[in-house]
Each structure stands twice: as structure tokens, then as C-alpha cells.
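Undergrad: Requesting a structural model of the entry that follows:
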Amino acid sequence: MIAFRSMAGWRLAQLGPDLVAGLTLVAIAIPEQMATSRLGGFPPALGLLVFIAGTVGFAVLGASRVLSAGADSTVTPIFAGSLALLAATGSPAYASLAATLALMTGAILMACGVFRLGWIADLISIPVMTGFLAGIAIHIVASQLPTMLGVPAGGGGLIHDLVAVAGKVGDANLYALALTFGVAAVMFATDKLDDRIPGALIALIAAALVSYLFGLEQRGVPTIGALSIGAMTIALPNAGLADFYRLVPLALICAAVVMVQTATTTRAFPGRDDAPDVSRDFLGVGLGGVLSGLAGGFVVNASPPRTGAVSGSGGRSQLAGLAGVLIVGALLLFGGTMIGHVPVAALAGVLLFVALSLVRVSVFVTLWRQSTREFLLVIATAAAIVLLPIETGVGVGIVLSVLHGLGTIGLARPIEFDHLPGTTIWWPPNPSVPGEKVPGVLVLSFQAPLAFFNADIFERGAMHMIDGRAGLKLAVLEAAALVHVDFTAAQAVARIVRHCRDAGIDVAVARLESVRAQAALERFGVAALLGRDHFFHSVADAVATLGKRD
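TA: Numbers count the residues shown, from 1 in each chain. So this is what the prediction gives:
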């Protein structure tokens, strides 16, 4: 396993672009990481430490030249809500559990990278991910409402907190509210102009100046205070075996979310010369999580916005991220007092912008117009995230995604192909391409992988079609779409063959192009039962050879 793979082929001429990208990254990362840390119930400075750990870990083992890892607002609400049920937010026990969770999640990611399990990220569909992000956005906004309004936070679940905050709207601090929306507005404006403009940093500096000049801290608008991470140590978290067992389900859910976001980020921002290597990037993000846990941080995730900033500003390697680490480290050591003047409400503005950016309105509209079923899947996932404990909602979303995929395949039905007159082509029925039936011949196809969950549907459908054709002499299975056949499905095919033989109907398979499906039919004895002379390269060959037999 080669370390610093993302630096392979690096040349001195790339130093300038990497340093520019590093500065751009830092301008975006500093406010975002502090805000995300507060979202999780941690001191703002810890977010910067997590950024350092995530960036260094990914630079060592990751493959992408531009991916940025660190604290992330997508996964943070998931574990923060769950950990709050185990320990008081902000307590030493809470911090210890968060660090343990970071270690466990990082280890799972690294294991998935070693065993090349990048395909796991594809188990969550776009509609489910859209609903998931919308639900997370609602959680983020709800968690920041007390800070936006300058009122005390509630102490229950999301709905309880919303009701509690609604009862305190009359006590809202208009200065805090103005700062929150002002920061969000600046970020939206700069994002529209050019997403490389560090709108968050500009907005936080402006908010700090406004707070200082107008004495807003004396008007009930608190600041984050001087940044401090205390004595830096690398050690295993102080958690027992019981804590480990309690965190296993949450670690699996966090790992699934991180894998999906890492895969999405890797594929969205491929390197100039390298093909995306999702599994290798799991290793990098996983190592970042392990380092974060050892340093007392929390779960690390890939960040699409920061990665986009590095790519868009010309970054050529992970040197951009490492340059950002040096700047952030210097800030923690020497600039903590200066950053401390930033109002807490300004960080809420950053999170408000992040939350609204998570809502993919265009996907909602497209699904509403084009696929009612998948639109309902978005709504169901978002509702699960909002109404259930958040980690349960994520689990429900993952299950819905898998069931949706299985259902799409499982609901496939055998279809009868028509012959296109004057050609050797057999094709599915199409109003714009009129076809014809050939007397005594039935050509059927099953356009999905054939497995245990749809074998019965295939068998019953095929039997119905065969028994419904009077004078049938030849049944041909057009198998171009059969990429896989498992044991249960093979037995279904065998029963169809025997049924046809008992009825005096010949059976053939045409266009079985999948090597896996060919091997399966051989292994399960279907090829021998059918006869190897009954496999053809085309339907036309099968009909020409067997259709004329008496």
C-alpha cells in the first residue's frame, strides 16, 4: 500500500496552484469547521482539529488529488443526536464517546477500503439521498433556531424543541437574528457570483466587526470566545467495552453515510489524469477518522463543497490540503483570540446556508414530474429522518433504498418479443416499430437479473405465456439481459424446460452473453438438461434451426 499516492508525479511547477488552492480551502474551511463543531455540541476549535486530522489522514492514504476531509454537517447531526442520549452534550463522557465513535467509523471505512467495497456506496439511491439530505437540513435549522433567535435551547427531540422555541419567539434578540440572516445572505450572494469567493470568511469577519463596533455582546449576542484545544495529546479515548458495543450500530450508520458522500465526492471531482478510486479514498477518509478519534475529535467525512473549491481553484494534489493544515494549525496556536470575537449567531448563519444548500429542489421537482413513486420515496425518507430518532431515520432510509432497488428488479415481468418483418431482429413490442408473431414460436425475455426474489414471478409469467399459446412448438428465452442466475432461479428455469418438454414444446436459449450466467447454468445443471445444442447466438438462429423441426 503506497502512502501519499495522491502526490505521485507531483512537480515543482504545481506548487503555486496548490498553494492558491490551499488558501482558498482555508478561507472556506475555517468558518465551516467551527460551525459544524458547534452543531455537534463541541467547542469551535475542535472542528479545526478534526479538519487537520482528516486532511492529514486522507493525504497519507487517499487517492483523490483534490478531496477535502474533515468535520461535516451531513453526518454530525446523526451522531450528535444519538450521543446526547448516552451522555450530556459537552461533558467529558460525551467527548469520549464521540472520539470512540470516530475511531470505530474510521476503522470500518479502512476495512471497506482494504476489501475494495466501494460498491456499498451505490446501495443508496438518489431519491433516498435527496430525502436524507432534506431531513438533515431540517435538523440543522431546528438545532440552530435558539442561537438565531437568541433564546435558550430546549432539551427534547426535534418536535419538542420546535414547540419550545415557538413559545419563546416573542423574546427573540433581533440583533442575533439580523447577524444570522446577514451572514447567510452574504454567503448566498458570493456563492452566486463565484463559489471560489470565501463568502463565509468575509461574512464572519464582517459580523465580528459589527459586533465589536456596536457592542452587541452587551446586547445579548455572545461570541464564541478564544479558541483553545488545550494540551494536544494522541491517545485512545477513555471508553469501556460496554460503550463500544452501544456504539456499533451508530458506527455502521455513520460509516454508510460517509461512504456514500465520499463516493459521490470522488466521482464528482475526478483527478485530471486519474480514474476515481472510491475504495482507496475510503482508506484515506478512514485514516482521517482514526487520527481524529486519537486526538479527541469526532467523525470525519468528505466534503463536496470544499473539494469543489480546491478543484475549482486549480489544486493539483493533496499539498493544497496540507498547506491548509499549516495555516489552520498556526491559527490555533497564535490567532485564537482574534477568532474569538466572532458572534455565535454568525456561525448559525453559516449552518443556515449549509442546511438550505442541502435541499436539492431541482431533484424534488424532477421526481414530482417524472416519477411519483420515487418522489414518495424522497418524502418517506425525509419524514423518517425528521420524525424518528435521527440514526433510526437514516437506517430506515438505507432500508428503503435497498428495498426500492430490489423491488425494481423483483417486479420485472417476462415479456414477449415480436419479429420485425423483413429482418432477423426480434424486439420488445413498440407502437412505433410494428412487429409480427410467428406461428408456433414464442420468444420471451426477462429484462432483469434472475434471482430468488423474482424467480417465482418469472416462472409463473413464463408458464402463463407458454400455456396461453395454442399450437406452440418452440419457446425461446432471449437472455441478453440475464446478467446473473442464482440457484433458486436456475431451478425455476429447469422447471420451465421440463414443463415444455412434457407438453411437446422445444426450448432454446438465445443471446446468453453474461459469462456469470453461463457459468451458473452450467454449475446448476440447466445447460445439461437443456442440451448445449439448444444455446444460440441469436433468436433468429434458434428459430431457423429448431422452429422447422417436426
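Undergrad: which one is Ser303 nearest to, not counting chain neighbours?
TA: Leaving aside its sequence neighbours, Ser303 sits nearest to Ser68 (C-beta to C-beta, 6 or more residues apart in numbering; 5.1 Å). In short, each C-beta sits where N, CA and C put it, glycine included.
Undergrad: Only the C-alpha atoms, please, for stretch 49-64, written as CSV.
TA: This file holds the C-alpha atoms of stretch 49-64, laid out as CSV (Å, rounded to 0.1, in the frame of the first residue of the first chain):
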residue,chain,number,x,y,z
LEU,A,49,-8.5,20.0,14.9
VAL,A,50,-10.8,17.5,13.1
PHE,A,51,-10.0,19.2,9.8
ILE,A,52,-6.3,18.8,10.5
ALA,A,53,-6.7,15.1,11.3
GLY,A,54,-9.0,14.4,8.3
THR,A,55,-6.7,16.2,5.9
VAL,A,56,-3.5,14.6,7.0
GLY,A,57,-5.1,11.1,7.1
PHE,A,58,-6.5,11.5,3.6
ALA,A,59,-3.2,12.9,2.2
VAL,A,60,-1.4,9.8,3.5
LEU,A,61,-3.7,7.0,2.2
GLY,A,62,-6.3,8.6,-0.1
ALA,A,63,-6.2,8.5,-3.9
SER,A,64,-8.1,11.7,-4.9
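Undergrad: any idea how far Leu117 is from the most centrally placed residue in the chain?
TA: The centre of the chain sits closest to Val260, judged by C-alpha atoms, centre = their mean, with a distance of 2.6 Å. Distance of Val260 to Leu117, computed by C-beta to C-beta, to the nearest Å: 12 Å.
Undergrad: Flag the shaky bits of the stretch 401-550 of the chain, pLDDT-wise.
TA: Within the stretch 401-550 of the chain, the stretches with pLDDT under 70 are 548-550.
Undergrad: Which stretches in it count as helices?
TA: Applying DSSP state H, counting those that start in this stretch to the stretch 401-550 of the chain gives helices spanning 455-467, 487-502, 515-523, 526-530, 539-546.
Undergrad: which one of the ones you listed is the most hemmed in?
TA: Of all the helices of the stretch 401-550 of the chain, helix 539-546 has the most neighbours on average by mean count of other C-beta atoms under 10 Å, namely a mean of 19.
Undergrad: got a list of what Ser303 touches?
TA: 32, 68-70, 72, 265 (C-beta atoms under 8 Å, 6 or more residues apart in numbering).
Undergrad: Name the residues of stretch 201-215 that come out as buried.
TA: The neighbour-count check on stretch 201-215 (16 or more other C-beta atoms under 10 Å) flags 201-205, 207-208, 210-211 as buried.
Undergrad: whoops, I mixed them up, stretch 303-314
TA: For stretch 303-314, a neighbour-count test (16+ other C-beta under 10 Å) marks 303-311, 313-314 as buried.
Undergrad: Could you tell me how far Leu477 is located from Asp486?
TA: Using C-beta to C-beta, one gets 16 Å for the distance from Leu477 to Asp486.
Undergrad: So for these two, which residue has more residues nearby?
TA: Ranked by neighbour count (other C-beta atoms under 10 Å), Leu477 and Asp486 place Leu477 first, with 25 against 15.
Undergrad: wouldn't the more buried one be in contact with Ala510 here?
TA: Yes: judged on C-beta atoms under 8 Å, Leu477 makes contact with Ala510 at a distance of 7.0 Å.
Undergrad: List the residues that contact the closest residue in space to Leu283 that isn't next to it in sequence.
TA: In this structure, Leu283 finds its nearest non-sequential neighbour in Gly113, 3.5 Å apart by C-beta to C-beta, 6+ apart. For Gly113, the contact set (C-beta under 8 Å, 6+ apart) comprises 61, 279-284, 286.
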